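# Got a predicted structure plus its sequence, pasted below:
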Amino acid sequence: MKSKVIERSKSTVLKRSIVLLGHKTSISLEDEFWNGLREIAKQRDRTVSDLIAAIDDHRKHTNLSSAVRLFVLGFYRDQVVDQIAEGSALETLGPPERRAVT
């Protein structure tokens, strides 16, 4: 049996500057997290800066970039949990992908 090589795309980390409480700060996030953050802000009818400020207000013992990643992850995790509770998530997930290298 031939071995299967899993190709992983390189994620670009983008550093962006924002103003929080009158102070300029920068956040480094992978492009996928910036995209997720923009989607969440749009859904909530807020700006990305407002959303990051809210995350900053509620974070505990992590740097801001980590807090933003955890927030985005939690948002989408909660959506999947809600879909599973409704019985619709399993239909959209399809069969699990096998990643074992043989």
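Okay, I see it.

# At which residues are the helices of this structure located?
Per DSSP state H, the chain carries helices over the ranges 31-43, 48-58, 64-86, 89-93.

# wait, which of the ones you listed is closest to Ile18?
helix 48-58 (5.2 Å; C-beta to C-beta). (Glycine included, C-beta is placed from N, CA and C.)

# Buried ones in the closest one, by neighbour count?
Using 16 or more other C-beta atoms under 10 Å as the test for burial, helix 48-58 gives 48, 51-52, 55-56.

# what's the closest of the helices of the chain to Lys24?
Nearest to Lys24, of these and by C-beta to C-beta, is helix 48-58 at 11.4 Å.

# and that closest one with helix 31-43, angle?
100 degrees (axes from the mean of the first three to the mean of the last three C-alpha atoms, to 10 degrees).

# In contact with the spatially most central residue of the chain, which residues?
For the chain, Val72 is the residue whose C-alpha lies nearest the centre (C-alpha atoms, centre = their mean; 3.6 Å). Val72 makes contacts with 33, 36-37, 40, as judged by C-beta atoms under 8 Å, 6 or more residues apart in numbering.

# can you list the weak-confidence ranges in this structure?
1-9, 88-102 (pLDDT under 70).

# Can you spell out which residues form a bridge with Ile18?
Here Ile18 sits in beta bridges with Thr25, going by DSSP bridges.

# Now do the same contact list for it.
Applying C-beta under 8 Å, 6+ apart to Ile18 gives the contacts 24-27, 48-49, 52.

# Quickly note the distance from the residue nearest to the centre of the chain to Ile55.
Computed as C-beta to C-beta, to the nearest Å, the Val72 to Ile55 distance reads 9 Å.

# got it, and Glu30?
16 Å.
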